[in-house]
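Chemist: need coordinates for the below:
(one chain, ligands or ions: 1)
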Amino acid sequence: MAPATLLQNGLIVDGTGRAGWQGDLLMRGDRIAAVTPPGKIDPGTLVSEGTPQAIDCTGLVIAPGFIDVHTHDDAAVLDGPAMLPKLSQGITTVIVGNCGISLAPVVTEAPSAPLSLLGRLQFRHASMASYADAVNAAQPAVNVAALMGHTALRMRHLADLRQAASPAERAAMAADMQEAMDAGALGLSSGIFYSEAYAADQDELVAVASVAARNGGVYATHVRDELAGILPALQEAAWTARQSGLPLVISHHKCAGPANWGRTRETLPLLEQLAEGQEIGMDVYPYTAGSTVLREDLVDGIIDILITGSQPHPEMAGRYLADIAREWGVPQPQAAVRLKPGGACYFQMREDDVERVITHPLSMIGSDGLPHDERPHPRLWGAFPRVLACYWREKGLLQLEEAVHKMTGLSARRFRLGARGVLQSGHLADVVVFDPARVKDVATFEDPQQFSDGIERVWVNGVQSYTAAQRATGARAGRFVRRGE
Ligand code: ZN
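Modeler: So this is what the prediction gives:
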């Protein structure tokens, strides 16, 4: 059992969004035992349970550990369980299985795109229960909650990915979905943007989503089109969720491509209107560049594209596609084909759109970091501190309490995590202490794998797992978190 720890005299920002206040927080075992005004907990009175370690938090914020609702850490938590890119941001729980992509239930030694976003080595779990066991055996430093990926279900069960599922294939997918929910999955994710899932029709999506709905799950989706067709794509997602009876989360909401810049003025009112009739949320990362597999159809000759990795040309990681194309004397799309399979950052958004989404009450923060890229998008190491530094402290577009709420309490509520995301007695002791004057992302596109500043200490399930001085403490106290737990 973890020792008792008393955090004294910090600014308690409890994750609910309510105004912060000076106070103390006591952790005992893996739980928060008390949150009180300063000095109300006398360490001497706790002797019977062991004198807690007292830590002075004067001038620092005490907040719930951040919940990264949009990750592709499915394999990273198994083969890199120290999870430093996340722990160092104050993240204590990652939600894996986004965008239709999950390890379960795919067993293969040669995963193709987009599953290869999860690396190539860990596709050995035919069920969510098997994946959950693997997480617990790996003992990652952060908690892991999981969505079942619709594209993964297709890859396991469909004879032809260019078709919608047949009734028999739908039934097989639904059976695996039920297994996932029984194993504690949060719900279903889809990525019908990707060609491997694009042929899915409503019958197929609803057949699988209804299973998640019957079991109290959620539906997170990377919608079919984030470019010109964004409005019908959002309508389709809302329809699928409504038809299945599921709360909806729009993944990494954006208006991509120069022709669509500014159109969050249309998408956000549409989502607000839809949210009057059903539960809708969205996640967002604080950058104008997206990142995914390298695809020549995303090369428009206008936006900058930065190569994050290339199997045939690993030496090109970190270089711009335009420069590579010029060097090779070929058009950019052709250079992209030569570099495939690979990954890229696409500078496809505009800052005013990012600001509108981040400040919108329906949004929460998710990094969408890609841990297997040679030179990953800096969101992998910097997304959460960047929201605090840029959108709260520098631009003043968010209140501190609001920013923290979008990383904790709101996220836990949307994804049906139980006793996490809010600092209250009885909740799991996932806690971050940060310096509000200094918290800042350091990772950049040029140098993307860097520790953030100002994250002072992190506890996972009551165990101190990171300090600014020591970096990782070596503790790995995370576990697989079942829905509602
Ligand atoms: Zn996605």
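Chemist: so which residues on this protein come close to the ion?
Modeler: By CB under 5 Å from the ion, the residues of the chain that approach the ion are Cys99, His222. For glycine as for every other residue, the C-beta is placed from the backbone atoms N, C-alpha and C.
Chemist: walk me through the domains of the chain.
Modeler: Domain assignment for the chain by automatic domain parsing gives 5-64+425-472, 66-288+349-414, 289-348.
Chemist: can you give me the end-to-end distance of the last one?
Modeler: I take that to be domain 289-348. 6 Å (CA to CA, to the nearest Å).
Chemist: give me the phi and psi angles of the residue positioned nearest the centre of the chain.
Modeler: With distances taken as CA atoms, centre = their mean, His70 lies nearest the centre of the chain, 1.9 Å away. Backbone torsions of His70, given as degrees, to the nearest 10, read phi -130, psi 100.
Chemist: skipping adjacent residues, who's closest to it in space?
Modeler: Gly366 (2.6 Å; CB to CB, 6 or more residues apart in numbering).
Chemist: okay, now that neighbour: neighbour count?
Modeler: 28 (other CB atoms under 10 Å).
Chemist: which residues does it contact?
Modeler: Contact analysis of Gly366 by CB atoms under 8 Å, 6 or more residues apart in numbering lists Asp68, Val69, His70, Thr71, Ile95, Asn98, Ser251, His252, Asp283, Val284, Tyr285, Ala383.
Chemist: thought the last one was touching Ser88?
Modeler: No: between Ala383 and Ser88 there is no contact under CB atoms under 8 Å: 11.6 Å.
Chemist: so which of the contacts of Gly366 belong to strands?
Modeler: Asp68, Ile95, Asp283, Val284 (DSSP state E).
Chemist: where does the stretch 301-450 of the chain get nearest to the ion, which residue?
Modeler: Nearest residue of the stretch 301-450 of the chain to the ion (CB to the ion) works out as Asp368 at 6.5 Å.
Chemist: quick check: that residue touching Ile95?
Modeler: No: counting by CB under 8 Å, Asp368 does not reach Ile95; the two are 11.1 Å apart.
Chemist: spit out the residues that contact those two alike.
Modeler: Contacts common to Asp368 and Ile95, judged by CB under 8 Å, 6+ apart, are His70, Thr71.
Chemist: mind checking which of these two has more residues around it?
Modeler: Set Asp368 next to Ile95 and count neighbours by other CB under 10 Å: Ile95 wins out with 28 against 25.
Chemist: contacting residues for that one?
Modeler: Ile67, Asp68, Val69, His70, Thr71, Ala145, Ala146, Leu147, Leu186, Gly366, Phe415.
Chemist: run through the bridge partners of it.
Modeler: As for beta bridges, Ile95 partners with Ala145 under DSSP bridges.
Chemist: which two from the contacts of Ile95 end up farthest apart in space?
Modeler: Ala146 and Gly366 (14.3 Å; CB to CB).
Chemist: returning to what we had before: of Ala383 and Ser88, who's got more company?
Modeler: Ala383 (30 against 23).
Chemist: what does the model give the more buried one for pLDDT?
Modeler: Predicted confidence (pLDDT) for Ala383: 98.
Chemist: with that, I have no additional questions.
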